[in-house]
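>>> Structure for this input, please:
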Amino acid sequence: MNPWRGHPRYNCFGCAPGNPIGLHLEFWEDGDDIVTHWQPQPNYQGWIDTLHGGILSTLIDETCGWVVTSKMHTNGFTVEMNVRFRKAVSTQDPELTVRAHITEQRRNLFFMHAVLTNNAGDVCVEGDVTYYLMSAEKAKEIGFESFGD
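Model prediction:
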């Protein structure tokens, strides 16, 4: 489901499989949701054994970006992001899950809600993200050629 795979300059911190310091996220559709699963690592801690809030925010932001990519078959960029940290996330947690979906659309603005849960199913982070949707022509200018693997 990655339209940038194989692009010579593709090195996204969130989803590029070849980025040596990246998160290597992969995404799947589940009804209206886009879902990713990720295993925390100690290299991404803030406080001892606690995942850094910036990494948690990146997980929310990247998942919402993939909502636009997969559901609208184009690209865009984050305009606003509000993140609520409900519970600390351990770097020792075996797997986190992030789900995001569109809640509203107004012209080229997409409003999305995302939820990050730990392996026990506890809601740890919630985010509301506003994304500006690019035209197909502009998306192609920045390397978005087609959708799908």
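
>>> Surely residue 53 is in contact with residue 46?
Yes: contact criterion C-beta atoms under 8 Å: residue 53 and residue 46 qualify, at 6.1 Å. Using the backbone N, CA and C atoms, a C-beta is placed for each residue, glycine as well.

>>> I'd like the next helix or strand past the longest helix along the chain.
Determined from DSSP state H, the single longest helix within the chain is helix 53-72. Moving toward the C-terminus from helix 53-72, the next helix or strand (DSSP states H and E) is strand 76-85.

>>> show me where this structure has strands.
In chain order, the chain shows strands spanning 28-30, 33-38, 76-85, 96-106, 109-117, 123-133, with DSSP state E as the criterion.

>>> Same list (those strands) but as a markdown table, adding distance to residue 63 and mean pLDDT.
Shown next, in a markdown table, are the strands of the chain (distance: least, C-beta to C-beta, whole Å; pLDDT from 0 to 100):
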| stretch | distance to residue 63 | mean pLDDT |
| --- | --- | --- |
| strand 28-30 | 11 | 96 |
| strand 33-38 | 6 | 98 |
| strand 76-85 | 11 | 96 |
| strand 96-106 | 4 | 97 |
| strand 109-117 | 5 | 97 |
| strand 123-133 | 9 | 97 |
